[in-house]
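In: everything below, folded, please.
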Amino acid sequence: MKPNQFLLAVLLTTGLTACLGTGLNPTAAVPAAASSASGAPVISFSGSPISVMNEQYATAIVGQTTSSANATGNGATDLNGPIGAVTVSGTTLFVPDTNNQRIQAFDPIPTGIGPTSSLTVNADGWHLYQTLTVTAGNTFFGLLSAGDDDIGLLGWNAPPATNVAADFHVGTNNGGGGPIDTSPQDVSTAGTKLVVANGGGNNILIFNTIPTSVNPTPDLILTQSSSGTLSNPSGVWTNGTVLVVADTGNNKVLVWNNFPATDVAPDFALDTTPGAAMSGPTSVFVTSAGQLFVCDTANNRVLVWNSMPTADHTPPNNVLGQSDFNGVGANEGFTTDIFSLSAPHGVYVSGGKIFVTDTGNNRILIY
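Out: This is a model prediction of the structure:
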């Protein structure tokens, strides 16, 4: 048993917030571009990074009622194979409960183990929800994964407060063909822009205006990797200036310092750590302080850069889900615990909290 694990589990069960891993949530700021000595753009971020430790203990768990459980279920405290990033709107946490074909909402944001959902959204019937996001204009999107008949995005004009059907669908109906009909994996929005990691199409779809219609035409289709072409890109993040892509099949994370207007190669790529190399990265997220989080999914960990990298092969500072950068086993090669991960497929940061979708353990960990 890990030191203090029992005490922490007791604190979580009683709903008390542990003090591990807390930090400041930087005030959102628009990054400014400067010039380095080489003339290459350098992105400046503001604010302080969240304090992160290797093998950090979670302070809350959604989807399981104990820190060692990893079972599937369809009750109000259960999750079944959640995939993709959660999102937060106000005091509500929205979770894609993928294999239960629903969205689970928790208000307030959980602080202990095994919270009961305050709302289930499934009025549209059978849908495999993946990543969730809220735009600057308060439009709520749920990405529909490749196994869904209606691939693409379901959109609500505002985050749902009751179990209501979506207001519109972006994508294709019943596999009718189109740009988003090839296994979309992730979505990110910034201002009026919407970006889709279109894994099956080996490309990134960029819409300069938030689409609200079936089968929209993207303004740009991005296909270039750091060497060759994209391979099953499964994660994307943008703030409208910087673009970050998880180039999953090429085992890299790609960064464009300036949002691309044409199909150009990224400025640099990340693929190394002080230990095991990156393998099958999926979800990516950058805070307004420039702190970069990457789900290194095949290595059962989340990699953390405390400041935004600016060059190829920059190693991360910390790792969640493993004791060091050499560890790669699911649950560190043991059983599920409060610090372990199994095939994480989503990472999101809000209000000084880190939310990791621990897919293989059927839960969300909150740090």
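In: how many neighbours does residue 134 have?
Out: A count of nearby residues for residue 134, using other Cβ atoms under 10 Å, gives 18. C-beta here means a position set from N, CA and C on the backbone, and glycine is covered the same way.
In: residue contacts, it?
Out: Taking Cβ atoms under 8 Å, 6 or more residues apart in numbering as the criterion, residue 134 is in contact with 87, 89, 140-141, 159, 189.
In: what do you get if the cut-off is 6 Å, keeping everything else the same?
Out: 87, 89, 140, 159 (Cβ atoms under 6 Å, 6 or more residues apart in numbering).
In: ok, it to residue 340 distance?
Out: Between residue 134 and residue 340 the computed distance is 29 Å (Cβ to Cβ, to the nearest Å).
In: ok, now residue 172?
Out: Residue 172 is 38 Å from residue 340, by Cβ to Cβ.
In: which residues are contacting stretch 234-242?
Out: Under the contact criterion Cβ under 6 Å, 6+ apart, stretch 234-242 has outside partners 31, 43, 185-186, 188, 190-191, 193, 195, 197, 199, 244-246, 248, 259, 282-286.
In: mind running it again at 7 Å?
Out: Contact partners of stretch 234-242, identified using Cβ atoms under 7 Å, 6 or more residues apart in numbering, comprise 31, 33, 43, 185-186, 188, 190-191, 193, 195, 197, 199, 204, 244-246, 248, 255-259, 281-286.
In: now swap in stretch 274-288 and tell me
Out: Here stretch 274-288 makes contact (Cβ under 7 Å, 6+ apart) with 26-29, 45-47, 84-85, 186, 234-235, 237, 242, 244, 246, 248, 251-253, 271, 292-299, 308, 315, 324-326, 328, 345-349.
In: please look at residue 92 and residue 105 and confirm they touch.
Out: Yes. Contact between residue 92 and residue 105 holds when scored by Cβ atoms under 7 Å: they sit 5.4 Å apart.
In: now residue 120, nearest residue through space, not along the chain?
Out: Counting by Cβ to Cβ, 6 or more residues apart in numbering, the nearest residue to residue 120 once its immediate chain neighbours are dropped is residue 102, at 5.4 Å.
In: how near is the one you found to residue 233?
Out: Shown here: residue 102 relative to residue 233, a distance of 26 Å by Cβ to Cβ.
In: and for residue 66?
Out: Going from residue 66 to residue 233 by Cβ to Cβ gives 36 Å.
In: with residue 281 instead?
Out: With distances defined as Cβ to Cβ, the gap from residue 281 to residue 233 amounts to 10 Å.
In: residues shared between the contacts of the two?
Out: Contact criterion Cβ under 7 Å, 6+ apart; residues shared by residue 281 and residue 233: 246, 248.
In: who's the nearest residue to residue 160 once chain neighbours are set aside bridged to?
Out: Using Cβ to Cβ, 6+ apart and skipping residues adjacent in sequence, the residue nearest residue 160 is residue 121, 5.2 Å away. When bridges are taken as DSSP bridges, the partners of residue 121 come out as residue 103.
In: over to residue 60?
Out: Here residue 60 shows beta-bridge partners residue 366, assigned using DSSP bridges.
In: still on that earlier bit, narrow the contacts of stretch 274-288 to just the buried residues.
Out: Buried members of those, scored by 16 or more other Cβ atoms under 10 Å, are 26, 45, 47, 84-85, 186, 234-235, 237, 242, 244, 246, 248, 251-253, 271, 292-299, 308, 325, 328, 345-349.
In: pretty sure residue 113 is touching residue 59, no?
Out: No. With contacts counted by Cβ under 7 Å, residue 113 stays clear of residue 59, the gap being 9.7 Å.
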